[in-house]
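# Quick one: sequence plus predicted model below, questions after.
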Amino acid sequence: MAATAPPYDPTNVAAEELPRTRWWRRTARNRSIWLGGVLIAVLAIVALLAPVLAPYDPTKLAAGKRLSPPSWEHAFGTDEFGRDIFSRVIHGTQLTLYVGVVAVGIGLLAGAAIGIGAGYAGGWVQAVLMRGVDFLYTFPDILIALGLVAFLGPSLTNAMVAVGISVVPYYARVTYSVVLVERNKPYFEAATAIGAGWPRLVVRHLLPNIVPPLIVVATLGFSAAVLSAAALSFLGLGAQPPAPEWGKMLADGRNYIARAPWILVFPGLAIVVTVLGFNILGDGIRDVLDPRQRREVR
Amino acid sequence: MTAARPAAGAPLLEVRDLAMHFPVRRGLLQRTVGHVRAVDGISFALAEGETLGLVGESGCGKSTVGGLILRLLEPTAGSVLVRGRDIAHLGRGELKPFRREVQMVFQDPYASLDPRQSAGAMVAEPFAIHSLAARGEIRDQVARLFDRVGLRREHMQRYPHEFSGGQRQRLSIARALALNPRLIVADEPVSALDVSIQAQVINLMTTLQRELGLAYLFISHDIAVIGHISQRIAVMYLGKLVEIAPRATLLAGPLHPYTEMLLNAVPIPNPRLKRKHQRAVASEVPSPLNPPTGCRFHTRCPLAEARCRSAEPVLREVRPRHHVACHLR
């Protein structure tokens, strides 16, 4: 009945390794980081080399080849205007990563600034900032983004900005909570005791300690931003024709779903792979940076 | 660069009627429903090169006293005089020169070091903040401090989690010494350490005191440790000082029943102290939110009389240099 524990082996020093070396080892061994990292790396390379990799011009019309199924000539087939879907998906990678980076960048920078301001200042500053954030948080992200795009006018740039702004409350709350935890730790008092002023406290002590959790939420938030932007484009409020945006491709192709499913399948798969890649990578980074959280989740 | 000028004859540190009441807020509007009287009017003084031990149970407010002296907290009332200058209500900029006189070693060697700052950077930070050394010299200064506290210079690149508890506390001491202070407030500096390591850290502190002429305010719940390092001992109970006397006097002849109780709790094989006064009952500490009337110790005191419940005893000198706050002494 009793499971036999392995005998004590004094030569097994793995358990006593210094945490710093373990950090690298955990990263190298973590399958999620490898899988997600490789997926994202491939996407990034595809995005960078899109003009080289794409066999056709993604916006070139070819009336004679409308709705042709996948073939040697057109790996993913062609759409209702005869455009090569493979080339369009490849070029779409550029747009998607761009949208993700900008939207997450806006959300993270503004959110972190609010969260740090509220968490560090406390008092009425905290009350005003965080109640405002709570108010925005009650609306679904996509609704805020929709409203903003309606206000700004439909375009890919406005969609990116709108998605970025819509996720600010999320990043603000996450940042605020980690700032609260860190600023109440004794090392913060210790820095005050040696005479550190607030700029030093925030830049030298607070930031380095809150960056790791923020990296995790930003990676996971990337996929959400990509999905929101695709949704806006799907609704016609984001990328405008003939831009090869994946969400837009889905929207335009949905009338042909029965006759030419490849129009939808490939852009859809591209979205799935991207979202999956960032989610897996984010999970992996979280596991490495915070092994405690992983155990709680399981 | 001039530190606060010493006022003639003023002690290094003097605390007068110091009080810290933390408001307790409840409900949606965060109304103040009461105050935790963590420190409730205490006074004492500390001379250059002296070690004063501050002892009491957890929650009696002794760490708050440390925080107040370092001005990590702003007191509700009273004053903290460093060389005669009141620092209790100074602004942040005005506090800077004072930081060089008084430094702190914290209780938890795990949490009081920034996990993302290397050991060398941590000890170098005070030099940078106070512009005490040119860029090129800081490294040398840090190396010298590492030598001084018994850390290896090669370990400057390391991060706090790569050190043992004792090494971290040495690091903490090195950081405190960087500003060349006259007083170090040590808040439970050895409580988180193994007993064998405790002795090393205490010996280090004693050596540093001899070499540098430092004064210590040594805060601990452990009267055995306090008795080892201090020249004078102050006993604190629920935000008040109940007894203060030179070490030998206090250990050999405690006058306050609470001090007796603390001493009885120490398992020292000393026949002179042992089983001499075993009358105090160990019971729950009352809440500082609503401290008992009269003498705060009367709820636990085996000798309590009627007047103890109504009148609060004041700290008075019953023998030379031996102060006690008890109606019965």
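Received it, and whenever you're ready, just let me know what you need.
# Grab the most central residue of the chain for me.
Picking chain A for this. The centroid of chain A falls nearest to residue A:222 when counting by C-alpha atoms, centre = their mean (1.0 Å).
# if you could check chain B rather than the one you did, that'd help
Note: chain B centre (C-alpha atoms, centre = their mean) maps to residue B:219, 3.4 Å.
# show me where pLDDT drops low in the stretch 51-200 of chain A?
For the stretch 51-200 of chain A, no stretch has pLDDT under 70.
# Show me the helices in it, by range?
Applying DSSP state H, counting those that start in this stretch to the stretch 51-200 of chain A gives helices spanning A:85-121, A:123-137, A:141-152, A:156-166, A:168-183, A:186-193, A:198-200.
# and what of chain B?
All helices of chain B, identified by DSSP state H, fall at B:62-69, B:92-99, B:119-129, B:135-148, B:165-177, B:195-212, B:223-229, B:247-252, B:257-264, B:306-310.
# Turn those into JSON lines, including mean pLDDT, mean neighbour count and distance to residue A:84.
All C-beta spots, glycine's among them, are computed from the backbone N, C-alpha and C. JSON lines is the format used below for those (pLDDT from 0 to 100; neighbours: other C-beta atoms under 10 Å in any protein chain shown; distance: least, C-beta to C-beta, whole Å):
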{"stretch": "helix B:62-69", "mean pLDDT": "92", "mean neighbour count": "25", "distance to residue A:84": "70"}
{"stretch": "helix B:92-99", "mean pLDDT": "86", "mean neighbour count": "15", "distance to residue A:84": "65"}
{"stretch": "helix B:119-129", "mean pLDDT": "93", "mean neighbour count": "23", "distance to residue A:84": "55"}
{"stretch": "helix B:135-148", "mean pLDDT": "91", "mean neighbour count": "15", "distance to residue A:84": "60"}
{"stretch": "helix B:165-177", "mean pLDDT": "93", "mean neighbour count": "24", "distance to residue A:84": "63"}
{"stretch": "helix B:195-212", "mean pLDDT": "92", "mean neighbour count": "15", "distance to residue A:84": "71"}
{"stretch": "helix B:223-229", "mean pLDDT": "90", "mean neighbour count": "20", "distance to residue A:84": "79"}
{"stretch": "helix B:247-252", "mean pLDDT": "93", "mean neighbour count": "18", "distance to residue A:84": "90"}
{"stretch": "helix B:257-264", "mean pLDDT": "89", "mean neighbour count": "23", "distance to residue A:84": "85"}
{"stretch": "helix B:306-310", "mean pLDDT": "89", "mean neighbour count": "14", "distance to residue A:84": "94"}
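# Assess the claim that the residue nearest to the centre of chain A and residue A:107 are in contact.
No. Under the criterion of C-beta atoms under 8 Å, residue A:222 makes no contact with residue A:107, lying 10.0 Å away.
# circling back: may I see the helices of chain B arranged in TSV, with distance to chain A as well?
Below are those laid out as TSV (distance: least, C-beta to the nearest C-beta, whole Å):
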stretch	distance to chain A
helix B:62-69	8
helix B:92-99	4
helix B:119-129	5
helix B:135-148	13
helix B:165-177	7
helix B:195-212	17
helix B:223-229	20
helix B:247-252	27
helix B:257-264	26
helix B:306-310	37
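# Relative to residue A:193, which of those is closest?
Taking C-beta to C-beta, helix B:92-99 is the member of the helices of chain B nearest to residue A:193, at 7.1 Å.
# Please report the distance of the residue nearest to the centre of chain B from residue B:195.
Using C-beta to C-beta, to the nearest Å, one gets 19 Å for the distance from residue B:219 to residue B:195.
# what residues does chain A put near chain B?
Residues of chain A lying close to chain B by C-beta under 8 Å from any C-beta of the partner chain are A:18-20, A:185-187, A:189-197, A:200, A:204-205, A:208-209.
# What's the PyMOL syntax to select whichever of the residues you listed are buried?
Paste this into PyMOL to select the buried members of these, with burial taken from 16 or more other C-beta atoms under 10 Å in any protein chain shown:
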select buried, chain A and resi 185+186+187+189+190+191+192+193+194+195+196+200+204+205+209
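# Give me the angle between the longest strand belonging to chain B and helix B:62-69.
Using DSSP state E, we find that the single longest strand of chain B is strand B:31-46. Inter-element angle recorded for strand B:31-46 and helix B:62-69: 80 degrees (by axes from the mean of the first three to the mean of the last three C-alpha atoms, to 10 degrees).
# Partner strands of strand B:31-46 and their direction?
Take DSSP bridges as the rule and strand B:31-46 pairs in its sheet with strand B:13-26 (antiparallel).
# what's around residue B:320, how many residues?
8 (other C-beta atoms under 10 Å in any protein chain shown).
# Contacts only, for it.
Neighbour list for residue B:320: empty [criterion: C-beta atoms under 8 Å, 6 or more residues apart in numbering or on different chains].
# one more time with 10 Å
Residue B:320 sits next to B:245, B:246, B:249 when contact means C-beta atoms under 10 Å, 6 or more residues apart in numbering or on different chains.
# and what of residue B:80?
Contacts of residue B:80 by C-beta under 10 Å, 6+ apart are B:13-16, B:18, B:65, B:68-71, B:86-90, B:98, B:102.
# now these: which count as buried?
Buried among those (16+ other C-beta under 10 Å): B:13-16, B:18, B:65, B:68-71, B:87-88, B:90, B:98, B:102.
# so residue A:226, which of the three states?
Recorded secondary structure, residue A:226: helix (DSSP: H, G, I helix; E, B strand; the rest coil).
# what about the closest residue to it other than its chain neighbours, distance to residue A:274?
Closest residue to residue A:226 apart from its sequence neighbours, by C-beta to C-beta, 6 or more residues apart in numbering or on different chains: residue A:100 at 4.8 Å. For residue A:100, the distance to residue A:274 (C-beta to C-beta) stands at 8 Å.
# overlap in contacts of these two?
Both residue A:100 and residue A:274 are in contact with A:43, A:222, A:223, A:226, A:227, where contact means C-beta under 10 Å, 6+ apart.
# Give me the contact list for the helix or strand that the first one is a member of.
Think residue A:43. Per DSSP states H and E: residue A:43 is located in helix A:31-48. The contact list for helix A:31-48 (C-beta under 10 Å, 6+ apart) reads A:26-28, A:30, A:52-54, A:89-98, A:100, A:219, A:222, A:270, A:273-274, A:276-288.
# do stretch B:21-40 as well
A:127, B:15, B:17-20, B:59-65, B:67-68, B:73, B:75-78, B:236, B:238-241, B:287-291, B:296.
# pretty sure residue B:92 is touching residue A:199, no?
No. Using C-beta atoms under 10 Å, residue B:92 is not in contact with residue A:199; the gap is 11.8 Å.
# just to revisit the earlier point, restrict the contacts of helix A:31-48 to the buried ones and give me that as a ChimeraX selection.
The following ChimeraX line selects those of those that are buried, judged by 16+ other C-beta under 10 Å:
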select /A:26,27,30,54,89,90,91,92,93,94,95,96,97,100,219,222,270,274,277,278,279,280,281,282,283,284,285,286,287,288
